[in-house]
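[1] coords below, sequence missing:
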């Protein structure tokens, strides 16, 4: 059995200032991610799934606060990290590939320059070594012509290549856990399949653990080992993906499955 790499224990996130009824975005969310595992965190818009990813990186917006719970990464409670500790932790321990690569990348910088900045912000290596790390990350992300992509701007790339470049940026510092936020939501079916295959390859080749945030249970069906279903900030169902897909217990999960058509 693989060891647990991160434990999310009773995490609650509230709006600020305090609201009547608590203003919960997340309420007592708990689950584990095992080393080399892929966990699908599924829910509709407003379920709190992206907020959970931001909380794990200490990137909650100022209008939110983590009011209770702990996030234990390899035995360390990251909710107790200082700002400096969190900056060092992001990218090395946990990294996040955001939902909209075209807006996440600076439009006036090349892809390679931006990924290289990520490396140099975390590691003391030469510019030449950083450039090679960028090309290596782009190759790991399944990009066959990394030199061309590194010299391109985000708007010059297709949606699939932008998503791969975003994944390359997220893995360039060799994190142990990748949080992928709706990585297939704006892609055509064929490109979706390629990105999902990429996640399985990254798990195999890099030993990467993945937390896959999505509204689509069909995506989870194809790649995840475990699934956590969120509704209005609370976990309504979790378990082995195959079991949840075939024998869902929660009415909300049944509605999500029915929405697949």
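    That came through, no problem. Being a predicted model, the structure only gives us computed values, none of them experimental.
[2] When you work out contacts or count neighbours from here on, use the C-alpha atoms and nothing else.
    Noted.
[3] quick one: the residue nearest in space to the middle of the chain and residue 252, what's the gap?
    Nearest to the centroid of the C-alpha atoms of the chain, with distances taken as CA atoms, centre = their mean, sits residue 179, at 1.6 Å. Look at residue 179 and residue 252: by CA to CA, to the nearest Å, they are 23 Å apart.
[4] Also residue 100?
    Residue 100 is 27 Å from residue 252, by CA to CA.
[5] same deal with residue 172?
    Taken as CA to CA, the span from residue 172 to residue 252 is 37 Å.
[6] got it, and residue 195?
    In this view, residue 195 and residue 252 are 27 Å apart by CA to CA.
[7] more neighbours, those two?
    residue 195 (22 against 17; other CA atoms under 10 Å).
[8] For the more buried one, give me its contacts.
    With contacts defined as CA atoms under 8 Å, 6 or more residues apart in numbering, the neighbours of residue 195 are 160, 164, 183, 184.
[9] can you name the two of those that are farthest apart?
    164 and 184 (10.7 Å; CA to CA).
[10] you'd agree residue 73 is up against residue 32?
    No: using CA atoms under 8 Å as the test, residue 73 is too far from residue 32 to be in contact (10.0 Å).
[11] so what sits against both of the two?
    Residues touching both residue 73 and residue 32 (CA under 8 Å, 6+ apart) are 5, 6, 7.
[12] Most neighbours among these, please name it.
    Most surrounded of the shared contacts of residue 73 and residue 32: other CA under 10 Å gives residue 6, at 24 neighbours.
[13] Regarding that residue, which helix or strand does it belong to?
    strand 4-15 (DSSP states H and E).
[14] what's the spacing between that strand and its chain's center?
    Strand 4-15 sits 15 Å away from the centroid of its parent chain (CA atoms, centre = their mean, to the nearest Å).
[15] Sketch out the low-pLDDT regions of the stretch 1-150 of the chain for me.
    1, 20-21 (pLDDT under 70).
[16] quick one, strands of it?
    Secondary structure of the stretch 1-150 of the chain by DSSP state E, counting those that start in this stretch: the strands cover 4-15, 24-34, 38-42, 64-73, 76-77, 94-97.
[17] list the buried ones in the last one?
    The one in question is strand 94-97. Across strand 94-97, burial judged by 16 or more other CA atoms under 10 Å covers 94, 95, 96, 97.
[18] Check which helices and strands that strand is in contact with.
    Where contact means 3 or more CA pairs under 8 Å, 6 or more residues apart in numbering; DSSP states H and E, strand 94-97 is packed against helix 159-171, strand 177-181.
[19] Same question for stretch 152-161: list its buried residues.
    Buried residues in stretch 152-161, defined by neighbour count with 16+ other CA under 10 Å: 152, 153, 154, 155, 159, 160, 161.
[20] contact partners of that stretch?
    The contact list for stretch 152-161 (CA under 8 Å, 6+ apart) reads 101-102, 105-112, 143, 149, 162, 186-187, 191, 195.
[21] let's see 7 Å
    102, 105, 107, 109, 110, 111, 162, 187, 191 (CA atoms under 7 Å, 6 or more residues apart in numbering).
[22] One more: stretch 71-78?
    By CA under 7 Å, 6+ apart, the residues outside stretch 71-78 that reach it are 5, 6, 7, 8, 9, 56, 70, 79.
[23] Can you tell me which of those residues lies closest to residue 258?
    Each of these was checked against residue 258 using CA to CA; the closest is residue 8, at 28.7 Å.
[24] and the closest one, how many neighbours?
    Residue 8 has 19 nearby residues by other CA under 10 Å.
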